[in-house]
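Just to be clear, the model below is a prediction. Sequence and coordinates:
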Amino acid sequence: MFTYNVDTESLIKHSTPGLTLTFLVLAFMFTYNVDTESLIKHSTPGLTLTFLVLAFMFTYNVDTESLIKHSTPGLTLTFLVLAFMFTYNVDTESLIKHSTPGLTLTFLVLA
């Protein structure tokens, strides 16, 4: 975020509940010097996926506000579903393992 000069105030103001929660968790982790390597190693698949998505977004400086504002209804729904999953820590690994072929394809497209 600091490397790419991300406008965190706007990002949090216009973000989904899941992303806001992620920022609060990251703020706690950095404030209290949490061992992120161990945390990711022993975390749930949903939390690991959250870190991977955030890493991608920050690396490529994704404009989430414009992305959600100008997205199709399907993409907006996808963001809402992801926000729900990250907020409630859904076990995505089990979800994909036991899902229908259509849902699996959706997850592969998202990945």
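Arrived safely. Residues are numbered from 1 along each chain as shown.

Quick check: G102 vs E9, distance?
Distance, G102 to E9, by CB to CB, to the nearest Å: 39 Å. (C-beta placed from N, C-alpha, C; glycine too.)

Tell me the secondary structure of N89, please.
coil (DSSP: H, G, I helix; E, B strand; the rest coil).

next one: S66
Using three-state DSSP as the criterion, the local structure at S66 reads helix.

Pull the contacting residues for it.
Neighbouring residues of S66 by CB atoms under 8 Å, 6 or more residues apart in numbering: there are none.

Use 49 as the first number for this chain going forward.
Will do, 49 is the new start, and the previous item becomes S114.

pLDDT score for it?
At S114 the predicted local distance difference test score is 71.

ditto for the one 3 residues further on
According to the per-residue confidence, K117 scores 69 in pLDDT.

what do you get for F71?
Residue-level pLDDT assigned to F71 equals 68.

Any idea how many residues pack against T79?
Here the neighbour count serves as a burial measure; for T79 (other CB atoms under 10 Å) it reads 8.

Now do the phi/psi pair for it.
In this entry, T79 is assigned phi and psi values of phi -60, psi -40 (degrees, to the nearest 10).

where's it relative to H146, distance?
When CB to CB is the yardstick, T79 and H146 sit 38 Å from each other.

Kindly report the same for H118.
Counting by CB to CB, the gap from H118 to H146 is 34 Å.

One more: P121?
P121 is 27 Å from H146, where distance means CB to CB.

Then D111?
Computed with CB to CB, the distance linking D111 and H146 is 35 Å.

same check, this time on L74
For L74, the distance to H146 equals 31 Å [CB to CB].

Please apply the same query to T120.
Taken as CB to CB, the span from T120 to H146 is 28 Å.
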